[in-house]
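> what's the 3D shape of this:
(2 chains)
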Number of protein chains: 2
Amino acid sequence: MPDFTDHLRPADPQGPSILAQERAGSHVNIDQLAHHLLSRNDFLNRQKRILSILEPIPIFCKTNQLNMARPDRYHLGLARAKMLRRLSLKHGWDRDDYIMADYLMDEMGPYALQATMFATSIREQCNDEQKAFWLPKLENWEIIGCYGQTELGHGSNVKGIECQAKWEPQTKEFILHSPTITASKWWNGALGRTANHAIVVAQLLLPDSKTGKYKSYGPHQFIVQIRDMKTNKPLDGIVIGDIGPKYGYPGMDNGYMLFNQFRVPHSALLSKYSGVDPETGMYIKPENPAVVYGSLTFVRAQIIMHARLVLARAVTVAVRYLTIRRQFADRDSKDPNPPEQAVLDYPTVQIRILPLLATTFALHYTGEAMYKLYHGTREAIEKSGDFSRLAEMHAASSGLKSLCTTLAADGIETCRRAMGGHGFGGGSGMIALNNEYLSKPTVEGDNWMITQQTAAYLIKRMTEAVKNPKFTPTESVSAQFQEFLRSGPRQREFNVLGYEFEMVRAFKHRASYLSYQAYYDRVVRKKPWNSMMISLHRLSRAHSESLLVSNFYDAVFESTPNPPLDDATFDVIKTLFRLFALFTLDASASEFLLSRAITVEHLPFIISTIQELMAQVRPHAVRLVDAWSIPDYVLESALGSYDGDVYNRLFHKAHRENPLNQLTFNPDWRSEEIVMGEGEENAKRRLEALALGMKAHEQSGVVKSKL
Amino acid sequence: MPDFTDHLRPADPQGPSILAQERAGSHVNIDQLAHHLLSRNDFLNRQKRILSILEPIPIFCKTNQLNMARPDRYHLGLARAKMLRRLSLKHGWDRDDYIMADYLMDEMGPYALQATMFATSIREQCNDEQKAFWLPKLENWEIIGCYGQTELGHGSNVKGIECQAKWEPQTKEFILHSPTITASKWWNGALGRTANHAIVVAQLLLPDSKTGKYKSYGPHQFIVQIRDMKTNKPLDGIVIGDIGPKYGYPGMDNGYMLFNQFRVPHSALLSKYSGVDPETGMYIKPENPAVVYGSLTFVRAQIIMHARLVLARAVTVAVRYLTIRRQFADRDSKDPNPPEQAVLDYPTVQIRILPLLATTFALHYTGEAMYKLYHGTREAIEKSGDFSRLAEMHAASSGLKSLCTTLAADGIETCRRAMGGHGFGGGSGMIALNNEYLSKPTVEGDNWMITQQTAAYLIKRMTEAVKNPKFTPTESVSAQFQEFLRSGPRQREFNVLGYEFEMVRAFKHRASYLSYQAYYDRVVRKKPWNSMMISLHRLSRAHSESLLVSNFYDAVFESTPNPPLDDATFDVIKTLFRLFALFTLDASASEFLLSRAITVEHLPFIISTIQELMAQVRPHAVRLVDAWSIPDYVLESALGSYDGDVYNRLFHKAHRENPLNQLTFNPDWRSEEIVMGEGEENAKRRLEALALGMKAHEQSGVVKSKL
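Here you go, the predicted structure:
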């Protein structure tokens, strides 16, 4: 409906002209930098191609998502998953195309496990016979799968899961059983309403050949049909459902599942590495499972690369909006009628946003380094059976997963708060981003648990270095520790304000110092592990920060940029390195002081240098986020769109697209009526049903007990 | 439907027996402590009384809220608001009863502005004639009001708002007009769909008596009827709507509003303090507006008290769940089959939760101190016209609002992450809490903006202290600065590990040191204000932390507890003080080092002392959170319920109450059908409409442009 607002425009200066000016004021070569950051797997071309397919399709429209009920979000999620599969066939997508579509759609949906955990288990854990049977069904999508490991009672501690798979020698079957409520599978994606097959992780229980007494051989994977292929109802003896709403993932049916003496054949146990002899009922032991570490590292390298794009997205929205947003004049201005300042010109806003912008680059170079490390290690294993770098890689990936997902999750919220009121609104595009990403500090290894693995590794290496100072190490961290033991304790005060490599040395020194402390406490003083946990977490963080800083340094000061960059552009990236290093140092200054890498006298200069570096980065901020090439379709943000037309977008999104504005309400407290014309009785009935959970409640009899 | 899960129970140990044991293992007197914390306004009895009224009423049932579409959340919000008003009359509730009902219902609804901002404006800004006209309408709820200040383009900087109120001498009317899109009112609660009247803040434009040229006299309040009293449609010349979904507040219709040359009478301008002479069109100047500061302080004292309950809620859930949750055995255990440990026994979990538990008490005592300061200052003003403490109070309340809401907002997320996977689920009860509270760091003064007010005040007082070291100050901070200038710069190394009052001195010393630096930079070196913003923010934080620590100290070491506490209980509170002080100190250790309040050698001992203090607090954690007396109805958390029956609640909530589980889906990608039996065509049409925003889109023609 046309009205007088159609002719209004925002007060000057207009967002688009501000962004045009910002872009004109910097010499950062956006195309080149985009190519530099996103050349892996032909990312940029692929993004363009897939985007042009998805965006015009109605069910991929995102504008109404925040208004929808959670059950509808699942319905839509399933429809989108089906459509993606059909598009994939139609356009002959490869795996990277599919991943790109998923990234652009920006919603974890009910087919997400099919090509990931479900497929991985079939490919990597099946013996040849099993693979021959299951792989074609998987690849033709005749079955829809999920992965059931986590339970209500156990997540991190996989060994503690309660679901049982008991071998019955007479029938040569496994009996799957959930002895308790806590044995219920829980959180497993695609299980709740979608999948008809599952990989079920259960304790393998075998009888002793003499006593017949059952003993557990630990968690093993079974492939199980869980729903009828025609009706999609759970098979007899299985209870399944969706666990309900969560912070994020409304389109995904995270599920629960319990078994009541449910029988599966011998062939259900995935038996590439281990198994049960069907004749003797004896356990067949697995070989060295170290290769598992390798793929875990690869997953974690992907997590870091994902983290950089997630953080870049939040920073893109923040930088564009905060450049456009104006509020308050400079209080020192001599101008009698001073203009309001761009919010990004406030140092108190810069200190929240610009170090995060630098962090996106730090994450990038470490993600690249991890890929390289992964491929190098894998090659060494495959070509010469050399497993020597596996432990280092695993330790690095654990600590980095923890640190990088924490940086990204916290960074999203920092960006949001910096955007003030509009950051809290749906037009920010931050709500879904935030809700989804908050799972990351927990999944794939809880961020406070897995750091123990990194710390344990560092203690081990430090112990070796102390014992054997002249041994030539293959692992870089051992060399670092030897160097520390030679000169470190005497070394004082790195010139972190003068030279970039001194920054790197300061980070390594602090990590080595904390490693030595941990070694001393654990190995010499025999302190209990539990009592050391807080310092072990700090140690892992220190080591991981040192990796971020040194990988960033190596990429920009020790290498020629590849793909190449103009000097002018490269100089800005070098400034980002300095900013990242000093900001990170300042945030944990007391550890640098304690290890005597810096002195108290340094502190004021560090803070003022950070401020100077931010002033150098500021003019390039818009172009730098442009280089991350995040399409408006992904941003789904009135505040962060490429064109900068913030206020028109915010206003028209509300004025034209909000379904609530289609109804007129009765505000009078004396009337039960809510929507005008609905009547009092109807309103009462409808709202009670809504509050009590609609039919679900009535059927289960909860309504009666409530009333 | 009964099934085999009905007979299952969680693995031992059971949650309820764990909590019973925890409660038996501590001598904290819960009832006494609850009374100590919550005696103000007879909180505990009131809570019990109002809860017994609300809880049985169906529309106050919260179980289905996370499943609902946003428009339905507003419908329910309006129905609840009406019901509260009716209950209020029926039971003769006073204002505190109403506030309690709001707190328990835990949802900001469309009547929330009626008794707050709308009523405050009428009561405090109307002249007698206006009050006589409007007050009865307000109090009888014949009109429903809202408060329209913030605009699309301006929030913090109220002086910058664009909405105009132009005085037309001929007609003696004001013409309300929105010249731009950014002049649109935005965010204003209850405006979007509900209110029929609004307080509108607009630039008062008056013509020069000679030239006739208009000049702005700044923002003023107008009372305006905005909707028809019968149809509730906006009046001609006004465009209004709801701004759409936000992080939180789904039941509230935050709105937008623009005026197109909309005329209101002379009496619309609220004229107690200022006004326009209707005959001459001359401006009537306001008196000293300093009293406004007073009520702002009161609002901020309430924010602190609210923050403590919000944080206590998150900590209650976390402490109860993490005591029950078990994961991993102690790796140093000699037991061949060691039991899993309670997660709260991990120092890495304690360090996240227990300092926050201590923070709830720190917030409490500072909230109490702020109320006392407010009443004392108000009395001084009313009895003897003594305005001298107003500035101190205002400065304290700004810095504390910023710090306390940051602590609570961050604390909620810290608690949630500490709960791992289940913390991410809807059963945590953290989703709504988190979503609502994330507005607090922005509203009532952005947390990074208002700290400038505190810093400016501190610089002013330091300047006076430097100039006039022997002057006897009335303000405690001036005395602190004089002391610092006398001995501070020479003072080194407070014995923060030995004595509680030395901890307080260390905090004051650091704040004084930073105040002196800021004074020196600004007053002596004439540094630009903008360039100092980061250090000014840090200064405000330092001062505010020093207030939290000294108020806590005064309450537990310098006073008899009132209401009284057993020694055994009081001792635990004293331990919480030590934990809060040292944890806060450690988090900003580098500032304490820089100001030489401590030395680097202190650091390792501070960390180990924190760990010892946590071990002392740990056995009392469950009873301490019990004392905060947060009812299960407010927690709405399977993880945090009083009885500790975590897993049964989580499971049955999903299994019995999730509406998604009532439907069976067609997972086959070759079929467009989603719900079994729905058919392909129906599914396609329905899902496209959902994605595109239902009718809203079709009506506005966006569908066509999309397709």
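> ramachandran angles for the residue sitting nearest the centre point of chain A?
When CA atoms, centre = their mean is applied to chain A, the residue found nearest the centroid is residue A:440 (4.3 Å). Dihedral angles phi and psi of residue A:440 (degrees, to the nearest 10) take the values phi -60, psi -40.
> now the residue in the stretch 201-350 of chain A positioned nearest to chain B, nearest residue through space, not along the chain?
Residue nearest to chain B within the stretch 201-350 of chain A (CB to the nearest CB): residue A:245, separated by 3.8 Å. To be clear about C-beta, it is placed using only N, CA and C from the backbone, and glycine gets the same treatment. Nearest residue to residue A:245, sequence neighbours excluded (CB to CB, 6 or more residues apart in numbering or on different chains): residue B:66, at 3.8 Å.
> doesn't the one you found belong to a helix?
Yes. Residue B:66: assigned to a helix according to DSSP: H, G, I helix; E, B strand; the rest coil.
> give the contact list for it.
Shown in contact with residue B:66 (CB atoms under 8 Å, 6 or more residues apart in numbering or on different chains): A:70, A:244-245, B:426, B:431-432.
> of these, just say which sits nearest to residue B:172.
residue B:432 (48.8 Å; CB to CB).
> which SSE is immediately downstream of the helix or strand hosting that closest one?
Using DSSP states H and E, residue B:432 falls within helix B:430-437. Using DSSP H and E, the helix or strand that follows helix B:430-437 in sequence is helix B:451-467.
> what sits up against that next one?
The contact list for helix B:451-467 (CB under 8 Å, 6+ apart) reads B:391-392, B:394-396, B:398-399, B:402, B:471, B:473, B:475, B:477-478, B:481-482, B:485, B:511-512, B:515-516, B:518-519, B:522-523, B:533, B:536-537, B:539-541, B:543-544.
> buried stuff in whatever helix or strand comes next after it?
Per DSSP H and E, the first helix or strand lying C-terminal to helix B:451-467 is helix B:476-487. By neighbour count with 16 or more other CB atoms under 10 Å in any protein chain shown, helix B:476-487 contains the buried residues B:477-478, B:480-484.
> what pLDDT does the model give residue A:273?
Listed pLDDT for residue A:273 reads 89.
> does it sit in a helix, a strand or a coil?
coil.
> ok, residue A:633 next?
Per three-state DSSP, residue A:633 ends up helix.
> tell me, how many residues neighbour it?
16 (other CB atoms under 10 Å in any protein chain shown).
> hang on, isn't it packed against residue A:56?
No. Shown here, residue A:633 and residue A:56 do not form a contact pair, counting by CB atoms under 8 Å, at 10.6 Å.
> quick one on the thing from earlier: and the helix holding residue B:432, what does it pack onto?
For helix B:430-437, the packing partners by 3 or more CB pairs under 8 Å, 6 or more residues apart in numbering or on different chains; DSSP states H and E come out as helix B:291-324, helix B:390-418.
> so for residue A:373, which of these sits nearest?
Comparing the helices and strands packed on helix B:430-437 under CB to CB, the one sitting nearest is helix B:390-418, at 28.1 Å.
> interface residues of the stretch 201-350 of chain A facing chain B?
A:231-233, A:239, A:241-248, A:253, A:256, A:258, A:260, A:327-328, A:330-332, A:340, A:345-349 (CB under 8 Å from any CB of the partner chain).
> oh, that last question was meant for the stretch 501-650 of chain A, not what I typed.
Counting by CB under 8 Å from any CB, the stretch 501-650 of chain A sits next to chain B at A:528-531, A:533-535, A:537, A:586, A:589-590, A:593-594, A:596, A:600, A:603-604, A:607, A:611, A:647-648, A:650.
> name the nearest residue to residue A:239, ignoring sequence neighbours.
Per CB to CB, 6+ apart, closest to residue A:239 is residue A:258, 4.9 Å.
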